[in-house]
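Undergrad: coordinates only, no sequence provided:
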């Protein structure tokens, strides 16, 4: 007998953003349901509401027509709704055993008597669950010894150790190899046989078409469509995910291709498998692909941040080997990293010292002493040029808005006059107005003959900003094209593993 | 409104609290015993804090890169043993004796750096291990005995070396104070006026961002630990000169006072980061407390209660401030 879960008119807002508006969603036991949408479409938010992580939504939920109230994780679990999050490590305790991690809910929610743990019973129950899933994993092994895929299995085992009727898997295959994915699918199919409903969030279309029965597509916090997956095609899904093109204000540029500045051949590093990248002077080269495809890894490999396993980098026609970012910077290659607050700026330092940190060597007198007057003038010129809104040069960067922090993270490299600028998700978490300013800044750098590598998973930005693009999938460049010679559909198709 | 006012008041205390406390303490101790304010006693206080200050400035340098050097106390012990032994056991001249002591410090700094930079042991734990190692090395080197002129050595004869008279001056007035002031000013200038100091603060603020900004982070970390060990050794040398012997674990007791002074110094004048002048003010505070309490006949064994409380208060100010801005 099928159980039907219904979510109706679900809306939720976070300070300043309406994340979901009037979304309907339905899942049935004994079926695998695909939930798909571009980054920021609201899939994860919707599933977090379903699993009780966000309690402040509006709308109704019911199971088989009976209204249910899910406002916290315990409510969801009571109704048999379990979620396995993408970051498996945050949900596991590494120095405890597989058995303890699987039976964690029981350990916490007091089946043990008078505070004693019954070790044998715990081991046996965990072993029984693992047997049921056909997994050869010892319950006494430590979590820290497991592979990522095995950790995921442990989390699924934990989910079904409770009464589990609805299992949400958030991008479960992103970190898995092909054989590991096959193993996961075997378990998904088995759970389906046991009348569990699987809600499967993924960006990888071929996978969804291989395993799912139904598909729900979301875009910009709204429901687009719900179909039987057999009634649709990959191309149709991509079109609906993208929807009509969003108009964003990109600066108009005239692109004059100069000499080759950077040429990376057969680059391999952690998360990068034999990538070739070429950047010309004056060119904005896009690096796109889904989250986790390996864009940041490529940026860091070029910047000397991660160790090269193979390949060669030529800068200005000369072969270079960067052992650290220090080497890269000296050779005129700079990076504006993705994690702004962690890697880009010094939040507890002043705006002044943030801007001049990269070029302090050129502001010295007597060899070592800082020429404070020169430093202030240079910083003022950058603050002025980028229109950084700060009360003073002495203000701590912590107190500025995200957009202004990003301007500083970029601004510190403007004085450095590098040849190649790598931007990793430069508009992440900043508002539309600041975005436009950042775009203009990048366009201006290109116009001055700099080579730009622009890594982003935002399709509109890639199409609005770049002259040529590489699509990255699984650490490899699967498509290289002039941006004007391709379409969002084609890029999305290659990003999701189409060949 | 009143909340804002109370915060301004807190801010005021954060910036000037340490200096205010020093002023109040001077006033109170003077009222209780007018001899406290005599120039003799003030010089006495400065002399008494000079070794702590020199070592504490070393700790300050390690703090500036967001590290922590716990091995400074035993580094000072080893340096004092090495310098005195060079005179007494090996009849060496002043230059050789000082060089030997500083070389031992550079070696310690390099070993600390290897543990921290290459082996990735957290700073405090690596230098804690190093503290024990050096303590043991110093004891082994001296065979567990105090080194002094005319001491009996293992073959039953007397040691014939003499301590250089120039060396003897280092630990006496006014030189001991001159050395301390020079150390404070030079390191303060180094940290706040030079590129290298700025880079050290940037590393301390966000190591990851510093690396991605092209700062050679590891080189600066090595430099910081070598500097910290060198200053500790200087403290040990001055200590040796002051007592003219190398006692067992002579530098050990200075560790806690030095750490306290450096942490109290964080908040002085609202700097919010490790700085040599602040550290000096911190050492002055501790020195005045110690001196005044002795004058008031507080027994020496109760002194640590007061010192610990002052440190806790200073730390509370610093961390409360961090949390609320």
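TA: That came through fine. The model shown is predicted, which means the values in this text are computed figures rather than measured ones.
Undergrad: when you work out contacts or count neighbours from here on, use the C-alpha atoms and nothing else.
TA: Fine.
Undergrad: and for residue A:202, the neighbour number?
TA: A count of neighbours around residue A:202, defined by other C-alpha atoms under 10 Å in any protein chain shown, yields 21.
Undergrad: hmm, I typed the wrong one, I wanted residue B:96.
TA: For residue B:96, the tally of surrounding residues (other C-alpha under 10 Å) stands at 14.
Undergrad: OK, contacts around it?
TA: Residues touching residue B:96, when contacts are defined by C-alpha atoms under 8 Å, 6 or more residues apart in numbering or on different chains, comprise residue B:86.
Undergrad: so how far is residue B:64 from it?
TA: Between residue B:96 and residue B:64 the computed distance is 31 Å (C-alpha to C-alpha, to the nearest Å).
Undergrad: can you check residue A:467 too?
TA: The spacing between residue A:467 and residue B:64, counted by C-alpha to C-alpha, is 45 Å.
Undergrad: again with residue B:228
TA: If you measure residue B:228 against residue B:64 using C-alpha to C-alpha, the figure is 11 Å.
Undergrad: now do residue B:148
TA: With distances defined as C-alpha to C-alpha, the gap from residue B:148 to residue B:64 amounts to 37 Å.
Undergrad: that older thread, what about residue A:467 and residue B:64, which has more around it?
TA: Higher neighbour count among residue A:467 and residue B:64: residue B:64, with 24 against 21, using other C-alpha under 10 Å.
Undergrad: my read: that one touches residue B:206, true?
TA: No. Applying C-alpha atoms under 8 Å as the test, residue B:64 and residue B:206 come out as separate, 11.4 Å apart.
Undergrad: quick one, strands of the stretch 301-450 of chain A?
TA: Taking DSSP state E, counting those that start in this stretch as the test, the strands found in the stretch 301-450 of chain A are A:310-315, A:318-320, A:333-336, A:364-365, A:369-370, A:420-424.
Undergrad: could you report the distance from the residue in chain A sticking out farthest from the centre to chain B?
TA: Distance to the chain centre peaks in chain A at residue A:366, reaching 46.8 Å (criterion: C-alpha atoms, centre = their mean). Distance from residue A:366 to chain B, counting by C-alpha to the nearest C-alpha, to the nearest Å: 10 Å.
Undergrad: cool, residue A:118 as well?
TA: Here the distance between residue A:118 and chain B works out to 37 Å (C-alpha to the nearest C-alpha).
Undergrad: got the phi and psi for that residue?
TA: Here the main-chain torsion angles of residue A:118 (degrees, to the nearest 10) amount to phi -90, psi 100.
Undergrad: mind checking pLDDT for it?
TA: In this prediction, residue A:118 carries a pLDDT score of 80.
Undergrad: counting neighbours, what do you get for it?
TA: The burial count assigned to residue A:118 is 12, neighbours taken as other C-alpha under 10 Å.
Undergrad: chain A contacts on the stretch 201-325 of chain B?
TA: Contacts of the stretch 201-325 of chain B with chain A, taken as C-alpha under 8 Å from any C-alpha of the partner chain, map to B:202, B:205-206, B:208-216.
Undergrad: where do the helices of the stretch 1-150 of chain B begin and end?
TA: Taking DSSP state H, counting those that start in this stretch as the criterion, the stretch 1-150 of chain B carries its helices at B:2-32, B:39-64, B:72-88, B:94-113, B:123-141.
Undergrad: deepest-packed of the ones you listed, please.
TA: Of the helices of the stretch 1-150 of chain B, the one with the most neighbours on average (mean count of other C-alpha atoms under 10 Å in any protein chain shown) is helix B:72-88, at a mean of 30.
Undergrad: what is the orientation angle of that helix with helix B:123-141?
TA: 30 degrees (axes from the mean of the first three to the mean of the last three C-alpha atoms, to 10 degrees).
Undergrad: tell me, what residue is most central in chain A?
TA: Here the mean C-alpha position of chain A is nearest to the C-alpha of residue A:291 (C-alpha atoms, centre = their mean), at a distance of 3.8 Å.
Undergrad: got a list of what it touches?
TA: Contacts for residue A:291 were tallied using C-alpha under 8 Å, 6+ apart; they are residue A:457.
Undergrad: tell me the SS of it?
TA: coil (DSSP: H, G, I helix; E, B strand; the rest coil).
Undergrad: hmm, back to that, quick check: pLDDT value at the residue farthest from the centre of chain A.
TA: What the model reports for residue A:366 is a pLDDT of 83.
Undergrad: now do the phi/psi pair for it.
TA: Note on residue A:366: backbone dihedrals following degrees, to the nearest 10 are phi 50, psi 30.
Undergrad: repeat that for residue A:10.
TA: The main-chain torsion angles of residue A:10 are listed as degrees, to the nearest 10 and equal phi -80, psi 130.
Undergrad: could you measure from it over to residue A:51?
TA: 14 Å.
Undergrad: returning to that earlier point: show me which of the residues of the stretch 201-325 of chain B next to chain A is closest to residue A:131.
TA: Distances from residue A:131 to these, taken as C-alpha to C-alpha, are shortest for residue B:208 (44.3 Å).
Undergrad: which residue ranges form the strands in the stretch 101-250 of chain B?
TA: Going by DSSP E, counting those that start in this stretch, the stretch 101-250 of chain B shows no strands.
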